[in-house]
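Chemist: turn this into a structure:
(chains A, B, C and D, ligands or ions: 4)
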Amino acid sequence: MEADAKSAIIRIFHVFKSYGTKKALVDITLDILKNEFVLVTGPSGAGKTTLLKLLYLGEPASEGQILVDGINLSRIPRKRVPILRRKFGIIFQDYKLIPQKSVYENVALVLEAAGKRKRLIQKKVRSVLRTVNMEDKIDALPPSLSGGEQQRVAVARAVVGDPKIILADEPTGSLDEDSAKDIINLLKGFHTRGGTVIVATHDKDLIRKTRGRLVRLGMGQLMDSTERLSPAAEEQAG
Amino acid sequence: MEADAKSAIIRIFHVFKSYGTKKALVDITLDILKNEFVLVTGPSGAGKTTLLKLLYLGEPASEGQILVDGINLSRIPRKRVPILRRKFGIIFQDYKLIPQKSVYENVALVLEAAGKRKRLIQKKVRSVLRTVNMEDKIDALPPSLSGGEQQRVAVARAVVGDPKIILADEPTGSLDEDSAKDIINLLKGFHTRGGTVIVATHDKDLIRKTRGRLVRLGMGQLMDSTERLSPAAEEQAG
Amino acid sequence: MKRYYRRAIQDLLSNRFLNSITVVTISLSILILSAFALFLANVGDLVNIWRQGVRMMVYLQPDLQRDRIPGLRAEIQNMYGVAEVSFIPKEAALERLRNQMQRQSSIIVGLDHNPLPDAFELRMIPTTQTGGKMETLAKELEQLPEVEEVEYGQQWIGRLTSVFNLFRLAGSALGALFFMAAVFIVANTIRLLIYARREEVEIMRLVGATDGFIKAPFYIEGMILGALGGVIGLGSLFLMYLAVSSNVEASLTGDSFTLRFLPPEMVGAILLGSIIVGWFGCYLSLKQFMKT
Amino acid sequence: MKRYYRRAIQDLLSNRFLNSITVVTISLSILILSAFALFLANVGDLVNIWRQGVRMMVYLQPDLQRDRIPGLRAEIQNMYGVAEVSFIPKEAALERLRNQMQRQSSIIVGLDHNPLPDAFELRMIPTTQTGGKMETLAKELEQLPEVEEVEYGQQWIGRLTSVFNLFRLAGSALGALFFMAAVFIVANTIRLLIYARREEVEIMRLVGATDGFIKAPFYIEGMILGALGGVIGLGSLFLMYLAVSSNVEASLTGDSFTLRFLPPEMVGAILLGSIIVGWFGCYLSLKQFMKT
Ligand SMILES: Nc1ncnc2c1ncn2[C@@H]1O[C@H](COP(=O)(O)OP(=O)(O)OP(=O)(O)O)[C@@H](O)[C@H]1O
Ligand SMILES: Nc1ncnc2c1ncn2[C@@H]1O[C@H](COP(=O)(O)OP(=O)(O)OP(=O)(O)O)[C@@H](O)[C@H]1O
Ligand SMILES: [Mg+2]
Ligand SMILES: [Mg+2]
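Modeler: Ligands and ions are numbered 1, 2, ... in the order given. The predicted model follows:
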């Protein structure tokens, strides 16, 4: 089960997370390798979102150590947190789009924050919005989008910055089959180009059709972690 | 296709809805009978949420007539809108929980607004939160809940006021299989007790396992409306 | 009604950050307004004290018999605008003149008889102390056969009056300006407060709450915030007043002047006003947010 | 830097409601502050005009030869605090006394010789017009052998000075209070503004924006809002000034007094201040929201 430390991009070592008295994560130890495709599943409230939050320091771990791409998260100075976060492209479960900014601005923000040139930003944002089929809504404000459209913008924002790792929290929850397939293909393409993908999901379809490791959480605990070399391994996911 | 006008609780007659130049709904004519269970499906951006919004006057129709339980929505005076809305229990796609209010307060709000007694409110809210498995989070604030937990609170709020009609917009999008089953059973129970249910969803599982009418939207247009007497009719849903 | 109060209190507690900022802003506005009112009130007192120094001399005919003085005094006392009449016999007038003249008093030393007449000295009630009204009174007095001449600092009073008028005008204008500014600042702050909670308003409407149900707690909250702001604003002013008044009074020995706080009616009016403005801010913003 | 400006402008436009409310509040605060400053400045002018009426009489020895007058005059002119010296021959003094005495001038009619001495009348520079400094000067003058006596309205000046001092004290205290209140109101309003946008701040942090990247446009916006508020506040004050000044001046004929607007340095300082306060409000709120 222990992965080779050399190629691990994320190492989680005896991590606990409590919110007040509520134990959201209990003694999680997990390595994620470079270019792995990991599906995290488990019932509602199992701690999937919390686990992702710990990785990008959306919350600090209560106990234990986490290393991301060689950075020890418990030691990272406040100033370097943005550098950590730029390693990730994050699709939030509640999208977290800025309501006053247009679709274009929301996606461009990532590149602007990374100090990219305006020319480049324009080109990349347009091309990414095209891949998620949202180029015709480029000037719309998020509140005027349908649930699925918002989710696709969130996906676009997550991939636009060429991150090392994508964290996708329920990335297809509001999408119909076809749009979901597009998104999954996008994630798979990112994976093929060498990226690491961690998807938290309940979506049986997604789990069935995706090859990669399946990590199951239950009540904050790591239940099992199964390598499935072909999508046929689906029945284990039950 | 035309339902018996006598028993129709909702009548939608040549309804159009545009947002600026964007045509979200085009010439929809649809009757929904008392005690029907209707599933509305269609790809992202097809107009499912918009259709529900028109029913509770979240948006006014651009053209056409809508009757809800005998009320003509184009003629309803501003003052009577709350009375219309109390006929509905609504599960919003983005939950719409009040972030500063506890789970209890969010759910109790519906009954308080309807002028119910404090005693009764306490009893009902607790019992409804129990059915969605959220009684242990009764004092939590929504931002501290997981996605699925928020969705279950939204469901509790929709059913607590004993509405005539439930409008459920993607009510299982953030839920694992078991929680989703609980919610669907809740909706079915409501239906069995005589309520009318309209569910907008992409969830193949939900569509497969639910008997009732399947309405398909595409690009704002009504594609078809199929009565499926048994869940076996699933293949038509494609 | 009681449940609305309960909800209002709950809301106040669950939006503590917003509310505390709002209360501070309201307090400051009330503080500005009431500090200025306090300033004007005390300057007004000071002016009145000065004005009590404004006198009118009524010189009597040289041959007037002293036994007619009491009757004349009563007559003058009853004239419009007269506050106090005192008789100055000519001996006292000479003595007073000697004192007043200081250096030039050498003139008086050499006199063989007293050339001055008996006189009355009048104090006017404050509202009569404008140039015009004093002139009317003087004319009236000069009509009396017993009176030879009336004298008052016409020029000085005219000038002082116009300055006081300017001051009063500027004070009232500033006061009105400050009042309106305070009203708008409070109303605006409450608008920002409600704007920050517009999502909540929207959700309540969607779940079938009537406008009244939604608005009631906001109004109660607005009035509580207004009242709190008023109490804190006036309270801080009172503390400052206490700290300052002893020092200032010490530096003003000689004048019968005591720095005073705002009269209770004024304090009540300001409190009431701040409550009303709290309500008004809610009214404005709710009207706006409920429309859509 | 340029792109920060662009983002700031975009943000200002996309939050128009919030920003316009904020600008109005800032304008009102600036208006209060600057209106009060204007009031104090003009009252100060008025007081200075009055003070130019404060004179000191220096009576010379009766036997002093008139040819020594120019030398003495030059000597006095050079003394500390003296603004102007004019010679009053005793004939002029008697004439003046007669006019001043009004009714009692009958006393003078009967005189066979002029008992008054020659004198100098001094005008002091304004800063010397406190009781203490005038006394020092008077003592110094009395040391001169040619001077018999020095006279000035000791009591009156002392009293007026203490009232002016009280007024100045109260004015400065109020001014300081208003200044602080305005600063806090502006800062608080900007805090509410940023609070209403805290979600945006949070999201930007989550997608890897540095604190500097997030803060820069807010600071620019805060400064723009402050500047706008300052310009609008001062602008409204100037319009009010224009509307009022002609009326007031007409009512003040006789005094060489013109209502004036705030001096340009003051206008500049207020504008600069409002920009700084806009910045400061951002600083406070961002510090708070960036911590968590
Ligand atoms: N900020 C918080 N404060 C308190 N409790 C929290 C907080 N965030 C999460 N929790 C609790 O921790 C538990 C795990 O939450 P988490 O969001 O990780 O679940 P999840 O696996 O993502 O669930 P879902 O599938 O419903 O999104 C939940 O019970 C939740 O209520
Ligand atoms: N307020 C609005 N302003 C402008 N366009 C809008 C607005 N609301 C919805 N739309 C557009 O109308 C179309 C239908 O939206 P709707 O939310 O009804 O879709 P949906 O079927 O619910 O999709 P999803 O499954 O993604 O939730 C979308 O293209 C959306 O962008
Ligand atoms: Mg989650
Ligand atoms: Mg929808």
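
Chemist: and residue 90, what pLDDT?
Modeler: No chain specified, so I'll use chain A. pLDDT for A:Ile90: 97.

Chemist: other chain: chain C
Modeler: pLDDT, C:Lys90: 81.

Chemist: surely it touches C:Arg96?
Modeler: No. The criterion here is Cβ atoms under 8 Å, and C:Lys90 misses it with C:Arg96 at 10.4 Å. Where you see a C-beta, it was placed from the backbone N, CA and C, and this is true even at glycine.

Chemist: so the two - more neighbours on which side?
Modeler: More crowded of C:Lys90 and C:Arg96, by other Cβ atoms under 10 Å in any protein chain shown: C:Lys90, with 16 against 13.

Chemist: not counting its neighbours along the chain, what's nearest that one?
Modeler: Nearest non-adjacent residue to C:Lys90, counting by Cβ to Cβ, 6 or more residues apart in numbering or on different chains: C:Leu116, 4.7 Å away.

Chemist: and that neighbour, how many residues sit next to it?
Modeler: For C:Leu116, the neighbour count with other Cβ under 10 Å is 22.

Chemist: C:Asp211 contacts C:Lys287, doesn't it?
Modeler: No. Using Cβ under 8 Å, C:Asp211 makes no contact with C:Lys287, being 10.1 Å away.

Chemist: which residue of the two possesses the greater neighbour count?
Modeler: Per other Cβ under 10 Å, whichever of C:Asp211 and C:Lys287 has more neighbours is C:Asp211, with 16 against 10.

Chemist: model confidence score at that one, please.
Modeler: Per-residue pLDDT puts C:Asp211 at 91.

Chemist: return the distance of it relative to A:Leu145.
Modeler: For C:Asp211, the distance to A:Leu145 equals 29 Å [Cβ to Cβ, to the nearest Å].

Chemist: equivalent analysis for C:Ala269, please.
Modeler: C:Ala269 sits 52 Å away from A:Leu145 when distances are taken as Cβ to Cβ.

Chemist: and C:Arg98, by the same measure?
Modeler: Here C:Arg98 is placed at a distance of 96 Å from A:Leu145 (Cβ to Cβ).

Chemist: which one of those two is surrounded by more residues?
Modeler: Shown here are C:Arg98 and A:Leu145; by other Cβ under 10 Å, A:Leu145 has more neighbours (20 against 15).

Chemist: so where's the chain shaky on pLDDT?
Modeler: Looking at chain A here, since you left the chain open. Low-confidence segments of chain A, defined by pLDDT under 70: A:1-6, A:230-238.

Chemist: look at chain C instead
Modeler: Along chain C, segments meeting pLDDT under 70 span C:1, C:49-54, C:100-112, C:126-131, C:153-163, C:248-257, C:292.

Chemist: center of it, which residue is that?
Modeler: Taking Cα atoms, centre = their mean, the centroid of chain C lies closest to C:Ala41, which sits 3.4 Å from it.

Chemist: could you find the closest non-adjacent residue to that one?
Modeler: C:Leu262 (6.3 Å).

Chemist: repeat for A:Ile184
Modeler: Leaving aside its sequence neighbours, A:Ile184 sits nearest to A:Leu206 (Cβ to Cβ, 6+ apart; 6.2 Å).

Chemist: can I assume the one you found is in contact with A:Val199?
Modeler: Yes. Counting by Cβ under 8 Å, A:Leu206 touches A:Val199, with 7.2 Å between them.

Chemist: joint contacts of these two?
Modeler: Common contact partners of A:Leu206 and A:Val199 (Cβ atoms under 8 Å, 6 or more residues apart in numbering or on different chains): A:Leu39.

Chemist: more crowded one of the two?
Modeler: Between A:Leu206 and A:Val199, A:Val199 has the larger neighbour count (other Cβ under 10 Å), namely 26 against 22.

Chemist: now the closest residue to the more buried one other than its chain neighbours, what's its secondary structure?
Modeler: With sequence-adjacent residues excluded and distances taken as Cβ to Cβ, 6+ apart, A:Val199 is closest to A:Ala168, at 4.5 Å. At A:Ala168, secondary structure determined by DSSP: H, G, I helix; E, B strand; the rest coil is strand.

Chemist: tell me which residues form a beta bridge with A:Ala168?
Modeler: Beta-bridge partners for A:Ala168, by DSSP bridges, are A:Ile91, A:Val199.

Chemist: need the contact list for it.
Modeler: Here A:Ala168 is in contact with A:90-91, A:155, A:158, A:187, A:197-201 (Cβ under 8 Å, 6+ apart).

Chemist: who wins on neighbours among those?
Modeler: A:Val155 (28 neighbours).

Chemist: whichever strand or helix holds A:Glu227 packs against which elements?
Modeler: Per DSSP states H and E: A:Glu227 is located in strand A:221-228. For strand A:221-228, the elements it packs on are strand A:22-33, strand A:212-218, judged by 3 or more Cβ pairs under 8 Å, 6 or more residues apart in numbering or on different chains; DSSP states H and E.

Chemist: need those strands in a markdown table (columns: mean neighbour count and distance to chain C).
Modeler: Converted to a markdown table, those look like this (neighbours: other Cβ atoms under 10 Å in any protein chain shown; distance: least, Cβ to the nearest Cβ, whole Å):
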| stretch | mean neighbour count | distance to chain C |
| --- | --- | --- |
| strand A:22-33 | 19 | 20 |
| strand A:212-218 | 20 | 31 |
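
Chemist: need those in a markdown table (columns: distance to A:Lys123).
Modeler: Formatted as a markdown table, the helices and strands packed on strand A:221-228 follow (distance: least, Cβ to Cβ, whole Å):
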| stretch | distance to A:Lys123 |
| --- | --- |
| strand A:22-33 | 31 |
| strand A:212-218 | 31 |
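
Chemist: which one of the contacts of A:Ala168 is nearest D:Ala37?
Modeler: Closest approach to D:Ala37 among those (Cβ to Cβ): A:Ile90, at 51.8 Å.

Chemist: contact partners for A:Asp169?
Modeler: Neighbours of A:Asp169 in contact, by Cβ under 8 Å, 6+ apart: A:48-49, A:52, A:90-93, A:200, B:147.

Chemist: now the residue nearest to C:Lys90: phi and psi?
Modeler: phi -90, psi 150 (degrees, to the nearest 10).

Chemist: what's the answer for the one 5 residues further on, then?
Modeler: With angles defined as degrees, to the nearest 10, C:Glu121 sits at phi -110, psi 130.

Chemist: measure it to ligand 3 for me?
Modeler: According to Cβ to the ion, to the nearest Å, C:Glu121 and ligand 3 sit 92 Å apart.

Chemist: now for that residue, how many residues are close by?
Modeler: C:Glu121 has 15 nearby residues by other Cβ under 10 Å.

Chemist: can you map out the helices along chain A?
Modeler: Applying DSSP state H to chain A gives helices spanning A:48-55, A:81-86, A:103-113, A:118-131, A:147-160, A:177-192, A:204-209.

Chemist: the fourth one near chain D at all?
Modeler: Yes. Applying Cβ under 8 Å from any Cβ of the partner chain, one finds helix A:118-131 in contact with chain D at A:Lys118.

Chemist: what angle sits between that helix and helix A:103-113?
Modeler: Angle, helix A:118-131 to helix A:103-113, by axes from the mean of the first three to the mean of the last three Cα atoms, to 10 degrees: 130 degrees.

Chemist: which elements pack onto helix A:118-131?
Modeler: Checking 3+ Cβ pairs under 8 Å, 6+ apart, helix A:118-131 ends up next to helix A:103-113, helix A:147-160.

Chemist: ligand 4: which of those helices is closest?
Modeler: Of all the helices and strands packed on helix A:118-131, helix A:147-160 sits nearest to ligand 4, with 4.3 Å by Cβ to the ion.

Chemist: who does that closest one touch, helix- and strand-wise?
Modeler: strand A:88-91, helix A:103-113, helix A:118-131, strand A:165-169, helix A:177-192.
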